[in-house]
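Engineer: For reference, the sequence and a predicted model appear below.
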Amino acid sequence: MRVLGIETSCDETGVAVYDTVLRGAAALRAQALYSQIALHAEYGGVVPELASRDHVRKLVPLIRETLAQAGMTPADLDGVAYTAGPGLVGALLVGAGVARSLAWALEIPAIGVHHMEGHLLAPLIEDDPPAPPFVALLVSGGHTQLVAVEAIGSYRLLGETLDDAAGEAFDKTAKMMGLPYPGGPQLAALAEQGTPGAYRFSRPMTDRPGLDFSFSGLKTQVLLAWRDSDQSDATRADIARGFEDAVVETLAIKCARALDAAGSNTLVVAGGVGANRRLRERLTTMCAQRGGRACFPRPALCTDNGAMIAFAGALRLDAGQHDDASVRAVPRWDMATLSPLVPAR
Ligand code: ATP
Ligand code: MG
Ligand code: FE
């Protein structure tokens, strides 16, 4: 089954084709991504109305480009998957409207995908994918969650952030130190040049039991350290390194705890912060020491993309699920309410 995936939940227009007949990473036949970062940069954050309008401009050309890359025509498609939520309602409606129209015109099924299920399943696109049960760490711009994955579609929340998401903490900390929007990846690059241990920040909520996170206090610690420093380039890099180490160590401690709680040794990591090199190294080591393994998607599939939506939708469509003909946009949507996937064959 060849499924077109469409992602428009925020500021990235992503399109991909996934073919369920093929195996491993080769099943991802083609993908294209357009990032609106430049459009929103001058406002220091995403402007929802501008995001919707840009999706309108870019989506159909990207679908054409992706199909051409795959050597396919629309008639070769067997299904369409689109991000139905959570996300910005206007942006979601663009993807949902185009996906639904296409499915209707081609007389093929369409399905609305949960954006975070897309992120969570992205590591399974890669070769040698892990099989449930496992624990997932979702670390993105809007979410920091530990999830027990009993089966595909069966998600139990083990813990989550009580305030800022990990990616949000990266972005806000970068902004405080004068880095341009969106600062997360730039802060991480700067941390590479910093001296380890020059600044040490606390590992929030690791001194008590539980699997929840809190990153807003860390942000304040960085703000005070930066304010009281000489604000030189070298100091900025040292503080970036101290901040990154604190986030990475906090996530590693909670992941180990979550694996203990779930009785598992397999950790799946997804979402934009999953692209962070130091986090990947730390979690890989932690899991190896337990005799298990940490699985990540390639960095480009950590941040928003169409491939994860094509893949998550393809699994459900292939199992015989699809939505009715309505255009569905669900700005707030709890992943625990999803239905487990029961394969058709
Ligand atoms: P959500 O998926 O929760 O709705 P989102 O889609 O905006 O949020 P993603 O696209 O998954 O989030 O990830 C973007 C986030 O990842 C940003 O906060 C960005 O700063 C962060 N990020 C990307 N690369 C890195 C990196 N190398 N190190 C740290 N953070 C990173
Ligand atoms: Mg984004
Ligand atoms: Fe995302």
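Structural biologist: Yep, it's here. Numbering: from 1, shown residues only. Ligands and ions are numbered 1, 2, ... in the order given.
Engineer: Which positions in the stretch 201-345 of the chain make contact with ligand 1?
Structural biologist: 271-273, 275-276, 303-304 (C-beta under 6 Å from any ligand atom). The way it works is simple: take the backbone N, C-alpha and C, and place the C-beta from them, glycine included.
Engineer: what's the burial count for whichever residue of the stretch 51-200 of the chain sits closest to ligand 1?
Structural biologist: Closest to ligand 1 within the stretch 51-200 of the chain is Gly184: 1.8 Å, counting by C-beta to the nearest ligand atom. Here the number of neighbours of Gly184 (other C-beta atoms under 10 Å) works out to 25.
Engineer: Go ahead and confirm it touches Gly167.
Structural biologist: Yes: judged on C-beta atoms under 8 Å, Gly184 makes contact with Gly167 at a distance of 5.6 Å.
Engineer: Mutual contacts of these two, please.
Structural biologist: Taking C-beta atoms under 8 Å, 6 or more residues apart in numbering as the contact rule, Gly184 and Gly167 both touch 141, 272-273.
Engineer: Not counting residues beside it along the chain, what's closest to the residue of the stretch 51-200 of the chain closest to ligand 1?
Structural biologist: Distance criterion C-beta to C-beta, 6 or more residues apart in numbering; nearest residue to Gly184, sequence neighbours excluded, is Phe170 at 3.6 Å.
Engineer: phi, psi of the residue positioned nearest the centre of the chain?
Structural biologist: With distances taken as C-alpha atoms, centre = their mean, Gly271 lies nearest the centre of the chain, 2.6 Å away. Main-chain torsions, Gly271, degrees, to the nearest 10: phi 100, psi 160.
Engineer: so what's the nearest residue to it once chain neighbours are set aside up against?
Structural biologist: Counting by C-beta to C-beta, 6+ apart, Ser140 is the residue found nearest to Gly271 once chain neighbours are left out, at 3.2 Å. By C-beta under 8 Å, 6+ apart, the residues touching Ser140 are 116, 119, 165-167, 270-273.
Engineer: Check for me that Ala136 belongs to a strand.
Structural biologist: Yes: under DSSP: H, G, I helix; E, B strand; the rest coil, Ala136 sits within a strand.
Engineer: so how far is Cys295 from it?
Structural biologist: 9 Å (C-beta to C-beta, to the nearest Å).
Engineer: out of these two, which sits in the busier spot?
Structural biologist: Neighbours per residue, other C-beta under 10 Å: of Ala136 and Cys295, the larger number sits with Ala136, 28 against 22.
Engineer: picking that back up, hmm, Asp304 and the residue nearest to the centre of the chain touching each other?
Structural biologist: No: using C-beta under 8 Å, Gly271 is not in contact with Asp304, being 9.3 Å away.
Engineer: Mind checking what secondary structure the residue lying farthest from the centre of the chain has?
Structural biologist: Distance from the C-alpha centroid of the chain, by C-alpha atoms, centre = their mean, peaks at Asp230 (35.6 Å). Recorded secondary structure, Asp230: coil (three-state DSSP).
Engineer: Local confidence estimate at it?
Structural biologist: Note on Asp230: pLDDT of 98.
Engineer: on that earlier part again, between the residues of the stretch 201-345 of the chain next to ligand 1, which has the most around it?
Structural biologist: Result: Val273 is most packed of these (other C-beta under 10 Å), 29 neighbours.
Engineer: What residues does that one make contact with?
Structural biologist: Val273 neighbours (C-beta under 8 Å, 6+ apart): 139-140, 166-167, 170, 184, 247, 279, 302.
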